[in-house]
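Participant: What follows is a protein structure lacking sequence information:
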């Protein structure tokens with residue numbers, strides 16, 4: 001079994017703003033694209049254009065309608081991927097040592113050369129963040145685009161996970177959550193960012209910013225241009241009304 005490090009130098013992770021996410025799935029597509037077309041091993045699809053398509057995705061977006069105690073119902077879009085837990089059970093159950101957590105940045109990765117596809121990591125993950133790639137026969141998961149964030153051949157603004165770089169709503173943020181002075185840590189403190197399912201005891205690094213309550217919906221008054229010209233139509237409209245009443 002793989003041992004977790006006693007500590008990590010940094011805690012790189014994501015902060016996702018549920019108030020801002022619009023559920024466009026741009027993060028899903030960019031993640032799939034980067035991890036299929038670049039340095040990482042391809043994420044396979046099965047029967048992609050058939051009647052029962054399936055495939056491997058490292059990031060998925062789920063949508064839920066919630067009813068607050070006050071105010072109208074809200075549609076909340078919930079992106080989910082590996083949360084790079086500090087006490088990652090997927091690492092400690094791995095029989096070959098393929099799953100491991102890096103000391104230098106806290107990222108949880110899979111050494112695919114050592115993975116036997118047994119699925120124990122998927123069974124142990126309470127978030128459902130691991131997927132078996134049927135074509136490769138190994139487990140796949142979010143890597144925080146480790147091949148991007150340290151790539152000095154990319155412009156500095158591109159050295160973030162593909163999902164963060166792509167998000168059109170600016171709902172995804174990346175940084176060191178082990179540094180209380182980092183932008184992501186300050187954002188979590190200001191907005192009350194929370195970890196997912198803390199009762200599991202996995203201490204996930206990623207944080208979610210809660211959606212803000214919506215105001216009670218009120219119908220806007222009709223613009224003056226849409227107000228009727230007269231209560232009783234005259235001229236041709238009046239004649240047409242009378243003609244239609246006789247039909």
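Facilitator: In hand now; what should we look at? Keep in mind that what you see is a predicted model, and the values were worked out from it rather than measured.
Participant: quick one: contacts for the residue nearest to the spatial centre of the chain?
Facilitator: Nearest to the geometric centre of the chain sits residue 79, at 2.4 Å (Cα atoms, centre = their mean). By Cβ atoms under 8 Å, 6 or more residues apart in numbering, the contact set of residue 79 is 16, 21, 27-28, 59-62, 163, 171-172. Glycine gets a C-beta too; all of them are placed from N, C-alpha and C.
Participant: I believe it is in a helix; please confirm or correct that.
Facilitator: No - under DSSP: H, G, I helix; E, B strand; the rest coil, residue 79 sits outside any helix and is assigned strand.
Participant: Who does it form a beta bridge with?
Facilitator: residue 61 (DSSP bridges).
Participant: and the gap between it and residue 150?
Facilitator: Distance, residue 79 to residue 150, by Cβ to Cβ, to the nearest Å: 23 Å.
Participant: returning to what we had before: of the contacts of residue 79, select the buried ones using a PyMOL command.
Facilitator: In PyMOL, a selection of the buried entries from the contacts of residue 79 looks like this (16 or more other Cβ atoms under 10 Å):
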select buried, resi 16+21+27+28+59+60+61+163+171+172
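Participant: thinking in terms of the whole chain, how far from its middle is the helix or strand bottoming out on mean pLDDT in the chain?
Facilitator: Between all helices and strands in the chain, the lowest mean by mean pLDDT, DSSP states H and E belongs to helix 235-245, at a mean of 78. Here helix 235-245 is found 57 Å from its chain centre; the criterion is Cα atoms, centre = their mean, to the nearest Å.
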